[in-house]
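S.K.: predicted structure and sequence below. I'll ask about it afterward.
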Amino acid sequence: MADGAVSFLLQKLQTFASREWDLQENIRNGVRDLQIEMQSIEALMRDADAKKDHDHRIKAWIQEVRTQSHAIEDVLDLFRFQQDQESMWHHWKMRHPISSLIHDINTRLATIKKTRESYQPMASTSSSTAETNTYLNVRVAPLIIGAGGDKIVGMEEPKRKLVSWAMERNQKLKVMFVVGMAGLGKTTLARCVFEKVKQHFDCHAWIIASKSRTKTETLRSLLEELGCPREGPNNVILSNRLQNFLKHKRYVIIVDDLWEKDVWESIKLALPDANNSRIIITTRRGDVANSCREDDSIDIHKLQPLSLECAEHLFIKKAFRKSGRCPSVLKEVSKSILQKCEGLPLGIIEMGRLLSSKSATPYEWKKIHESLESELKSGGGLSNTMKVLSSSYKDLPYHLKYCFLYMSIFPENNPVKRRRLIRLWIAEGFVKGERGKTLEEVGEEYLNELIGRSLIKAHEIDFDEKPFTVGVHALMHRIILSVSHEENFCTTVCAGGAEGNLAGKPRRLSVQTGNFDLSQDLTCVRTFFSLSSGKVNIGSNFRLLKVLDIQGTPLGNFPSAITDLVLLKYLSLRKTNIRSIPKSLGKLRQLETLDLKQTRVKKLPESVLKLAKLRHLLVYSYNMGSVVSFDSVQGFSVSTKIGAMKNLQKLSFVRAKRQHRMIQELRNLTQLRKLGIVELEKEDGSSLCHSIEMMPDLLSLNVTSLNKSEPLELASMASNPPRFLQRLYLKGSLKKFPNWVSSLHDLVRIRLKWSSLSGDNPIEALQDLPNLMELQLLDAYTGTRLDFEENKFQKLKILDLEQLKQLRFIIMEDDTLPSLQKLIIRQCNELEQVPVGINNLRRLNELLLCDMPEKFVAQLKKIGGGLRHLVHRVSVIHSYQQGHLEEDLS
């Protein structure tokens, strides 16, 4: 893990040296010496990191390297702080102490180097062996398979599906990836299927393709399993031998624990593609499985955690082996312990075994529940679980380790919004720039890889299948908390006290209780989170802070000390009660994200234009209520010179009333990805269109007119609309539907509200958009009929029809809306019946009727509903009145 600290420091040293061109020679030479020494230390870090659990001297040495890395970072930050904070004269005077600090650190590094040289032989000879042995000892099948062999709890259905798949008659070779996080039972499931079907094949083999094995070793293992000679000078000879042996045979092969795509590629090249053969591959790397999915002969089965019922059954089976039942006095604590396992079979089994060896008293079990972090460590009762889960973490490159460890900042079972997490990674410097991509796009790739590696899990999935919020498994959270504290990555302060060392100069501080004293010296802290409802007093003791996230705290006024935090890159005051922003905010020249959502701020000072590095400016609030209102979004007023902020990626929501000059200035924001405008006047529509045409990479556009009767004039964009636009929200009257919308190939969501279209039918204008997944029409059309034609809306998943006051009929022709999953009909009081053809929507699984007349709802009731037969395949049918569930018609 320490290699991450060193690598990030090297990146920072390089940036510092390239930007600070006017450094005195002694400082420049000192920085260069730091770079050289840290580069040599970094090389050993990568070797030593894998074995630090096995050598206490190496571990202590790594800790000292980390300490000096932080010391160097402190010097660089102090230099930048003084440069931004003080006069040029004081800045010149500060150079001497900066030079002395650098000299002192170089002296300490020289001592570290001597120590490193004495340890180097030990590290180079033992690290790879230790890692290999540790990994090979954590294969989990023997832990999960019961005495009955194929009687495994909660896996009957996936086993049935895979057995059926394996026995299908198909001349082609077919491959199934079984994907899931570590400890989920992938190997167990594959073993049960293998034992069930292997007698129906001419030959069979089971091999382990773990990360410690080379491609050659894997091929030789497969040949040996099949009874073939395994000797051979290279992979070509081995592959040919395997191909010849299998050429006329029907075979089933299990490739267990695949980590790398090229290992599978080397196996695949040696396999004949015929004879109705089958390959099952288990892997925790969903990203690898997806990259191997080249055609319909390769499929993926995502293994799910156990249901609550199955989890309880397995837990009782292991924890109460003799009686087979849980005593009433232990039910409450058992439930809490089981929740930590979140359906993970390995966790349930190991936890059950540990508890079965303890006294069956609430006190003893409560101690285990509260000391999970200790039990997961080496030598603890759950150390096997630790080994299995941590192997995925240890396999990460250093930049992804830091991104993953960031989840330790947030409380357990507290999902984090995807976009917030990525903005935080960027502010921390974890995301490396790549040519042709924004930092946000690279951060999205990092997150997708962590999800693909089954480390981070998606909690809420958006309509486009992107995660809206993410989190980690509870047991994995305890593991990364332990690593985070050990590495001084983050100190967590909760009700029971600090988890981590407050006296050890914490770099990141996450306060999750309201009772915390901030008066102590915290100049070492670079990141501060308040994740409770307690009060927070920000003072000068945070002067080198870079990330400040205190959303949801009971702030009434903007803390004046914040404007002295001149190194700040990320500032979130979301969901606080602040009303105004001081002019001194302009001092925060490094700021990249300013999040003032759900505050009472309505105007930003002119000085905000000095924030040249700002990428995300989010200042708006929602009026949340059961009734949808036209003015539900409250925006903010900004300077007419907004065009000076050329690095902006997101800007929402800007008030456009009487702001003609500001609207023209928007054309200079050519980097915008998201733009939100409210209170747009008719005469400014054309000007806004011309500005938007200068934003070639715009992905999301949200425009609201001044009021319901004020028309949105957006026809002027016909010549050059943003071609990559994915989300479009138009709220206000439309005299004519904008023709350019029909050309938006990448559009996935469109919401039209209060459009009141009469001549133009929006269905006809949108039906050929190839990627449209969500369509909402709220008082958007005054016609009496909507026709969904054959083979149209091929990808639409969600259709939301609201307040279409004159609508009487909805016609859905055959083969229309083939992907529709959710249909919402709200306050369409003239609609006589459910859509004609709704019975042909094979994927429709949710029908929501909101504030619809009783006679309409009565047609779909289970008893006496005349049209019930049309929706008999729909699994969820709910009727709501005023936001409350009135009747479940499912």
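M.R.: The structure has been received and is ready for your questions. Residues are numbered from 1 along each chain as shown.

S.K.: any low-confidence regions in the stretch 451-600 of the chain?
M.R.: 496-504, 515-520 (pLDDT under 70).

S.K.: so which residues of it form helices?
M.R.: In the stretch 451-600 of the chain, helices defined by DSSP state H, counting those that start in this stretch lie at 474-486, listed in chain order.

S.K.: cool, the stretch 751-890 of the chain as well?
M.R.: Shown for the stretch 751-890 of the chain, the helices assigned by DSSP H, counting those that start in this stretch span residues 762-766, 854-858.

S.K.: buried stuff in the last one?
M.R.: Looking back up the chat, that one is helix 854-858. Neighbour-count burial for helix 854-858 flags 856-857 (criterion: 16 or more other CB atoms under 10 Å). (Each C-beta comes from the backbone N, C-alpha and C, glycine too.)

S.K.: from what I can see Ser391 touches Gly183, true?
M.R.: No. Counting by CB atoms under 8 Å, Ser391 sits too far from Gly183 to count as a contact (10.3 Å).

S.K.: higher neighbour count, those two?
M.R.: Higher neighbour count among Ser391 and Gly183: Gly183, with 30 against 19, using other CB atoms under 10 Å.

S.K.: how about Cys310, nearest residue that isn't a chain neighbour?
M.R.: The shortest distance from Cys310 to any residue other than its chain neighbours is 3.3 Å, reached at Gly154 (CB to CB, 6 or more residues apart in numbering).

S.K.: that neighbour is in contact with Leu306, isn't it?
M.R.: Yes. If you go by CB under 8 Å, Gly154 and Leu306 touch, sitting 4.1 Å apart.

S.K.: name the residues contacting each of these two.
M.R.: Among the neighbours of Gly154, those also in contact with Leu306 (CB atoms under 8 Å, 6 or more residues apart in numbering) are 314, 345.

S.K.: comparing the two, which residue is more hemmed in?
M.R.: Legend: neighbour count by other CB under 10 Å for Gly154 and Leu306, higher for Leu306 (22 against 19).

S.K.: now do the strands in the stretch 201-350 of the chain.
M.R.: Along the stretch 201-350 of the chain, counting by DSSP state E, counting those that start in this stretch, strands occupy 203-208, 251-256, 278-283, 298-302.

S.K.: and what of the stretch 551-700 of the chain?
M.R.: Using DSSP E, counting those that start in this stretch, strands in the stretch 551-700 of the chain cover 570-572, 593-595, 616-618, 621-622, 633-634, 650-655, 674-680, 700-705.

S.K.: the first one - contacts with which helices or strands?
M.R.: Where contact means 3 or more CB pairs under 8 Å, 6 or more residues apart in numbering; DSSP states H and E, strand 570-572 is packed against helix 418-428, strand 547-549, strand 593-595.

S.K.: in a markdown table: these, plus mean neighbour count and distance to Lys753.
M.R.: Output for the helices and strands packed on strand 570-572, formatted as a markdown table (neighbours: other CB atoms under 10 Å; distance: least, CB to CB, whole Å):
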| stretch | mean neighbour count | distance to Lys753 |
| --- | --- | --- |
| helix 418-428 | 22 | 23 |
| strand 547-549 | 23 | 32 |
| strand 593-595 | 22 | 25 |
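
S.K.: closest to Val601 out of these?
M.R.: Across those, Val601 has its closest neighbour in strand 593-595 (10.1 Å, CB to CB).

S.K.: what strands flank the closest one, and is each parallel or antiparallel?
M.R.: Strand pairing for strand 593-595, using DSSP bridges, gives strand 570-572 (parallel), strand 616-618 (parallel).

S.K.: make TSV out of those and add distance to His248.
M.R.: Converted to TSV, the strands paired with strand 593-595 look like this (distance: least, CB to CB, whole Å):
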stretch	distance to His248
strand 570-572	63
strand 616-618	62
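
S.K.: now render these as JSON lines, adding mean neighbour count.
M.R.: Below are the strands paired with strand 593-595 laid out as JSON lines (neighbours: other CB atoms under 10 Å):
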{"stretch": "strand 570-572", "mean neighbour count": "22"}
{"stretch": "strand 616-618", "mean neighbour count": "22"}
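
S.K.: which among the ones you listed is found nearest to Phe79?
M.R.: Evaluated over the strands paired with strand 593-595, closeness to Phe79 peaks at strand 570-572, with 20.9 Å, by CB to CB.

S.K.: distance from the chain centre to that closest one, please.
M.R.: Relative to its chain's centre, strand 570-572 lies at 19 Å (CA atoms, centre = their mean, to the nearest Å).

S.K.: got it, and stretch 870-879?
M.R.: A distance of 32 Å separates the centroid of the chain from that of stretch 870-879, by CA atoms, centre = their mean.

S.K.: pLDDT (mean, whole number) over it?
M.R.: Averaging pLDDT along stretch 870-879 yields 94.

S.K.: could you list the buried residues of it?
M.R.: Result for stretch 870-879 [16+ other CB under 10 Å]: buried residues 870-871, 874, 877, 879.

S.K.: what's the answer for stretch 392-408, then?
M.R.: Neighbour-count burial for stretch 392-408, with 16+ other CB under 10 Å as criterion, is recorded at 392-396, 398-408.

S.K.: what does stretch 369-378 give?
M.R.: Neighbour-count burial for stretch 369-378 flags 369, 372-373, 375-377 (criterion: 16+ other CB under 10 Å).

S.K.: could you tell me the end-to-end distance of it?
M.R.: Stretch 369-378 has its terminal residues 17 Å apart, counting by CA to CA, to the nearest Å.

S.K.: run the chain-centre distance for that stretch.
M.R.: Relative to its parent chain, stretch 369-378 has a centroid offset of 26 Å by CA atoms, centre = their mean.
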